[in-house]
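J.: Have a look at this prediction, sequence included:
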Amino acid sequence: MSDRDEAFAEYFAARSGAMRGTAYLLCGDWHRAEDLVQTTFVKLYRVWNRISRHEVLDSYVRQILIRTFLDERRRGWWRRERVGGEDAEQVAPPDSPESRLVLLQALARVAPRQRAVLVLRYWEDLSVEDVAALLECSPGTVKSQAARGLDTLRGLLTPTYSGIEMGER
């Protein structure tokens, strides 16, 4: 195995799990998340020799992942599958697996661009400026997309969790 391949394999082993989690939050399906991560790392491998600044590598890989997700959504072949059904009548405690599932289902119903902003901003804990750089947009766009995405989530979750407040950052 060449030094290039060995370095890439080490990076993949170290970071693929975190990227898989981010991909799942974007698409809401573990199989699709795995496909997104694989596609992302294939694209990364193609340019691995040209990457000179490894300190920004995670940011670069996140950008590839987000762009891959958004590109696939634009192509129109993306299929959504609903987990569970419409009977989300039972209210689960905030820390339960059920509440996590409800949140993930609601997140899947947010527009792809807004979902990308929410995942990067609140799951990956990136600053507004970092998200803007990754998505190649202005910080104002990130803020407005985050606000719209949070409003959508509030609307989707209010019937289920009417007593929970979603905090701003």
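T.: Yep, it's here.

J.: and the gap between the residue nearest to the spatial centre of the chain and residue 36?
T.: By CA atoms, centre = their mean, the chain has its centre lying nearest to residue 26, at 3.5 Å. Per CB to CB, to the nearest Å, residue 26 is found 7 Å from residue 36. All C-beta atoms are positioned from the backbone trio N, CA, C, and that covers glycine.

J.: list residues touching both of those two?
T.: 65, 69 (CB atoms under 8 Å, 6 or more residues apart in numbering).

J.: circling back: for the residue nearest to the centre of the chain, give me its contacts.
T.: 33, 36, 65-66, 69, 112, 115-116, 119.

J.: quick check: domain ranges of the protein?
T.: Domain assignment for the chain, taken from automatic domain parsing, gives 1-76, 93-161.

J.: chain center to the last one, what's the gap?
T.: Which is domain 93-161. From the chain centre to the centre of domain 93-161 is a distance of 9 Å (CA atoms, centre = their mean, to the nearest Å).

J.: Which strands or helices does the helix or strand of the chain with the lowest mean pLDDT pack on?
T.: Taking mean pLDDT, DSSP states H and E as the measure, helix 97-108 is the helix or strand of the chain with the lowest mean score, a mean of 85. In this structure, helix 97-108 makes packing contacts with helix 3-27, helix 112-118, helix 139-157, judged by 3 or more CB pairs under 8 Å, 6 or more residues apart in numbering; DSSP states H and E.

J.: Need the contact partners of the second one.
T.: Here helix 112-118 makes contact (CB under 8 Å, 6+ apart) with 25-26, 66, 69-70, 73, 107-108, 110, 131, 135, 142, 145-146, 148-150, 152-153.

J.: repeat for the last one
T.: Residues from elsewhere that reach helix 139-157, judged by CB under 8 Å, 6+ apart: 102-103, 106-107, 109-111, 113-115, 117-118, 121, 128-129, 131-132, 135, 164, 166, 168.

J.: Just the buried residues of these.
T.: 102-103, 106-107, 110, 113-115, 117-118, 121, 128, 131-132, 135 (16 or more other CB atoms under 10 Å).

J.: and the helices and strands packed on helix 97-108, which is most packed in?
T.: When neighbours are counted by mean count of other CB atoms under 10 Å, the highest per-stretch mean among these falls to helix 112-118, a mean of 23.

J.: Let me see the mean pLDDT of it.
T.: Regarding helix 112-118, the rounded mean pLDDT is 93.

J.: ditto for stretch 63-75
T.: Averaged across stretch 63-75, pLDDT comes to 86.
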